[in-house]
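1. predicted model, plus sequence, below.
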Amino acid sequence: MNRTLVVIGHGMVGHRLVEEVRERDPEQHWRIVVLGEEPSPAYDRVGLSAYMTEATAEELMLTGQEVHRDERVRLRTGVGAERVDPRTSTVLTTAGESIHYDALVLATGSRPFVPPVEGAELPGCHVYRTLDDLDGIRAASEAGAEGVVVGGGLLGLEAADALRKLGMRPHVVEFAPRLMPVQVDEGGGAVLGRLVGELGIEVHTGAAVDSVREGTHGGVSAVSLTDGTVIDTDLLVFSAGIRPRDDLAESAGLERGQRGGFLVDNSCRTGSAGVWAIGECAAVEGRCHGLVAPGYQMASAVADQLTGRGDTEFGGADEATKLKLVGVDVAGFGDAHGRSDGALEVTYANNAAGTYAKLVLDDDASTLLGGVLVGDAETYGTLRPLVGKPLPAAPEQLLFPDAGGGGGTGALPEDATVCSCHNVSKADIAGVISSGQAEDVAGIKSCTKAGTGCGSCVPMLKSLLDEAGVVTSNALCEHFPQSRSELFEIVRATGVKSFSELISRYGTGRGCDICKPAVASILAGLSDAHILDEEQATLQDTNDRFLANMQRNGTYSVVPRVPAGEITPDKLITLGQVATEFGLYTKITGGQRVDMFGARVEQLPEIWRRLVDAGFESGHAYGKALRTVKSCVGTDWCRYGVQDSVSMAIRLELRYRGLRAPHKIKAGVSGCARECAEARSKDFGVIATEKGWNLYVGGNGGFDPRHSGLLASDLDDERLVVLLDRFLMFYVRTAERLQRTAGWIESFDNGVEHVRAVVVDDVLGIASDLEDAMARHISDYTDEWAAVLEDREKLSRFVSFVNAPEAPDPTIEFTEERGQIRPAPIDLPTPVVERDREFSSEEVSA
Amino acid sequence: MNWQRICSESDLPTEFGVAALVDGHTVAVFRTATDEVYALGNVDPFSGAGVISRGIVGDREGEPTVSSPMHKQAFSLRSGQCLDEPETRLPTYPVRRRAETIEIAAS
Ligand SMILES: Cc1cc2nc3c(=O)[nH]c(=O)nc-3n(C[C@H](O)[C@H](O)[C@H](O)COP(=O)(O)OP(=O)(O)OC[C@H]3O[C@@H](n4cnc5c(N)ncnc54)[C@H](O)[C@@H]3O)c2cc1C
Ligand code: SF4
Ligand code: FES
């Protein structure tokens, strides 16, 4: 029996429905066709703001996207539903196709509401809902310019913060007398207004947009408000509420709720047999829900019905919300405004600290009904699940658990919902912890989905782990119980100079391929000794041991530094001559250098002798170190360039060359916002502005590509260099082994904000220490290859065989392709060689 | 046994490896922290490249090891056994020290 389920809308809720049906229908009764009007498959809209500066579209993709490979599911992105005809049970698509359904689920979400003001349709007016919308806003943003957000609710504040992160000067216009009027009461609104103002967002409450003025260029030029204020701006974001997308109701003859939305009963059924509506487009018993948690509950109820698990109903919604603005904690939950009969309010305001908290209790003060938290919403996680439950402790103990007992996760009843996005209870989480299925937050996430929605419950997951006594290990490997950053501090504080001393004092055994190179890198960062000095040499990975990258057949590539990719014709010719002479394969790489491949160990010194004589030095392609600073041509040649990106890139590459780090570091400098050097996909990226440089940090290519986030803007040359010195040293000191800058930044609670606080604002007071450390690195720099060429002892290791130093390795063979060498295919030896016998060294070495 | 001189002891630093050519076979010779000497085949069975001598010498739960620099599998220096994929083993060669030189028995 094969029936067709058509889902209209591949948003958060539509996607959840598809996943739940797939999960509960192993016999595959349903074939599923999903129509999604947006060009990309469902993504985490709740986390959308992160897309502005931190996250990539891929990172926002929801889990379960393997639907693409599931034969049962046909996902059509970029195709909308145009009409629904319940009489013939068909959906007509915008691609002109007609699809028959046995069951139909509408999950079309909502559209942003744009108030009918004059000029609201001009170019320069945006809404805030999809990836495309954010791309548009980013492209139109201009650092330093004013931007206006219409609407001071949850989304409006997120949008304003996004503009701020793009370097703009945001204004928020809110019609009500306070921000977030739905979630927050008057007392909380006052504190919130102050906190938001401190972020640099200008707040205009009690005012509305009167008109939007058109400039000579045909787009928005200014906005005038009903209180007479005029703001010159050409960027406007409307975030003044949402309206359910129920346009399909007409053609389908479906009833609408009084305030819009497909009218459905408690089981999410419309009046038409076999047609359901879920998520923001559904008016359940007349009421729409604008949050993801109720949408997920609806999806689960409908999946139950479709897969024959009975008539599960939508159980009502948890309307709790928490603002996701760093530095501005706001949460409202339950009956935040105390509207229930006889509700009592307990309020704590601390004007000095800028915090406000209110609990709403029932008439005999025994049951929690709701609350508002502003300025410090740490207790949100424990309070929200208590709504409707008897108070486990006095209100003040719940609000200030640190001040003495009562609060924290311990106070939560077992059946309390810890993750409301995914409806996961405390008992569910305790279960996966005690059964050993989950050992850390990541484990809880993958077992229960808790924490993978809005993320507000993650701190709770941590404290549940703590409560269960799970200790998360950050040991480097079996030899060291410490993490890399801890070892760095130990080495720095104790002045230990060798691996042997370190492991005998702080570790066990003799080390391995994990801890040895990590310690080598720490030692390299703290002393000026050559990396191949004595015991140091034995710690190095083969790349560092031969100062060259080992390639697939055991030969090495040779990569001289070409700072910022600028090279004279003479030097290019030298590279060509060296490659010809030694029969090397050459390739220009993505890092703007010339790589030469196929060198045998014993050839490396001769090759480098030629290169060093011609003025080249090591490019550190082999090290976990600074690689290249890519550059465009900037003001030198480009007609768009506004700063000299080439000189800056050369200066930075030479400044940080040889810097050993937990992971390789790549960088880029672009001469204008056109970004030809792709600086934002690098560990640090510098982009010229009319006024100086914008500094971005934490990007990378590779397996998990990420865009960097803005650290500071409009810097002059000197300030740029100072901030980079501090940033890089801070990273070198505190990151874990093989942790890239992106992951390192994410490991802080506030991400790039925290890095900014340390690097720019120097809240830890370590800036000058970091600068001094970098100054030492720079003054101690010597070319590693030049040093090896002068040291007979080190040179003596560059031999093919210790007993036949010149004999080429017989296992290395080449063939030819496109006029150059390449490694010959290798026959793998049979794994177990029977003829030799086991041999213990004691037998013979005694 | 046919012992061949490979190098002097001072050519083989502690916790290091060198490659040697013995009757057309490539051999990796190592010296551990406790001053034991071992010889294994130099060809990494997973990639076919002659690189084992360039691996990092250490230990796993006390068993002296070298990890292949190619893809980091660890091999026991005593038995040649791959500790990550036990079906694979490197050949081992008899090795000894005599009069401050290191010697390997070829066949
Ligand atoms: C910036 C932002 C932050 C938010 N933060 C939070 C938060 O912190 N907490 C929270 O709970 N909620 C938050 N929300 C709201 C949350 O994202 C929504 O409640 C949730 O996405 C609703 O899911 P949905 O599937 O009903 O609608 P959507 O996710 O909007 O999906 C509907 C999809 O249907 C498509 N569609 C519409 N009509 C058609 C058609 N005719 N044919 C084909 N496809 C169609 C749309 O293009 C869209 O892709 C936030 C929303 C935004 C925009
Ligand atoms: S980034 Fe700007 S200055 Fe640099 S090459 Fe591109 S357009 Fe020219
Ligand atoms: S409450 Fe949103 S992810 Fe858990």
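-> Alright, I've got the coordinates. Ligands and ions are numbered 1, 2, ... in the order given.
2. residues in contact with the nearest residue to residue A:167 once chain neighbours are set aside?
-> Spatial nearest neighbour of residue A:167, chain neighbours left out: residue A:143 (3.3 Å); criterion: CB to CB, 6 or more residues apart in numbering or on different chains. Bear in mind the C-beta positions are built from the backbone N, C-alpha and C, glycine included. Neighbouring residues of residue A:143 by CB atoms under 8 Å, 6 or more residues apart in numbering or on different chains: A:166, A:167, A:168, A:689, A:694, A:713, A:714.
3. what about burial for these, which qualify?
-> Neighbour-count burial (16 or more other CB atoms under 10 Å in any protein chain shown) applied to the contacts of residue A:143 gives A:166, A:167, A:168, A:689, A:694, A:713, A:714.
4. gap between the first one and ligand 3?
-> According to CB to the nearest ligand atom, to the nearest Å, residue A:166 and ligand 3 sit 26 Å apart.
5. looking at it, that residue is touching residue A:54, isn't it?
-> No: using CB atoms under 8 Å as the test, residue A:166 is too far from residue A:54 to be in contact (12.0 Å).
6. ok and the residue in chain B nearest ligand 1?
-> In chain B, the residue that lies nearest ligand 1 is residue B:72 (42.1 Å; CB to the nearest ligand atom).
7. quick one: that residue from chain A, how far?
-> 6 Å (CB to the nearest CB, to the nearest Å).
8. got a pLDDT number for that residue?
-> With respect to pLDDT, residue B:72 scores 87.
9. which ones are touching residue 37?
-> I went with chain A, as the question did not name one. A:9, A:78, A:79, A:80, A:81, A:94.
10. hmm, I had chain B in mind actually
-> A:841, A:845, B:12, B:29, B:30, B:31, B:95, B:96, B:97, B:102.
11. was I right about the fourth one contacting residue B:103?
-> The reference is to residue B:29. No: judged on CB under 8 Å, residue B:29 makes no contact with residue B:103 at a distance of 10.0 Å.
12. tell me what the helix or strand harbouring residue A:768 is packed against?
-> Element membership of residue A:768, judged by DSSP states H and E, is helix A:767-780. Under the contact definition 3 or more CB pairs under 8 Å, 6 or more residues apart in numbering or on different chains; DSSP states H and E, helix A:767-780 sits against helix A:717-734.
13. tell me what the helix it packs on is packed against?
-> helix A:484-494, helix A:645-656, strand A:684-689, strand A:692-697, strand A:709-715, helix A:741-746, helix A:752-759, helix A:767-780.
14. now do the strands in chain B.
-> B:3-8, B:16-22, B:25-31, B:37-41, B:56-60, B:63-67, B:74-76, B:95-98, B:101-105 (DSSP state E).
15. phi, psi of residue A:250?
-> phi -50, psi -70 (degrees, to the nearest 10).
16. just give me the neighbour total for it.
-> Residues lying near residue A:250 (other CB atoms under 10 Å in any protein chain shown) number 11.
17. do residue A:90 as well
-> Residue A:90: 16 neighbours (other CB under 10 Å).
18. what bridges to the residue nearest to it when sequence neighbours are not counted?
-> Leaving aside its chain neighbours, residue A:90 sits nearest to residue A:98 (5.0 Å; criterion: CB to CB, 6+ apart). Per DSSP bridges, the residues bridged to residue A:98 are residue A:92.
19. about what we covered before: surely the residue of chain B closest to ligand 1 and residue A:517 touch.
-> No: using CB under 8 Å, residue B:72 makes no contact with residue A:517, being 10.7 Å away.
20. for the two, indicate the residue with more neighbours.
-> Remark: of residue B:72 and residue A:517, residue A:517 carries more neighbours, 23 against 15, as counted by other CB under 10 Å.
21. state the distance from that one to ligand 3.
-> Distance from residue A:517 to ligand 3, by CB to the nearest ligand atom: 37 Å.
22. wait, what's in contact with that residue?
-> For residue A:517, the contacting residues are A:539, A:540, A:541, A:544, A:624, B:56, by CB under 8 Å, 6+ apart.
23. what do you get for residue A:227?
-> Listed by CB under 8 Å, 6+ apart, the contact set of residue A:227 reads A:204, A:206, A:207.
24. equivalent analysis for residue B:76, please.
-> Contacts of residue B:76 (CB under 8 Å, 6+ apart): B:63, B:64, B:65, B:83.
25. now the two most distant members of the residues you listed.
-> Of all pairs drawn from those, the widest gap by CB to CB lies between B:64 and B:83 and measures 11.1 Å.
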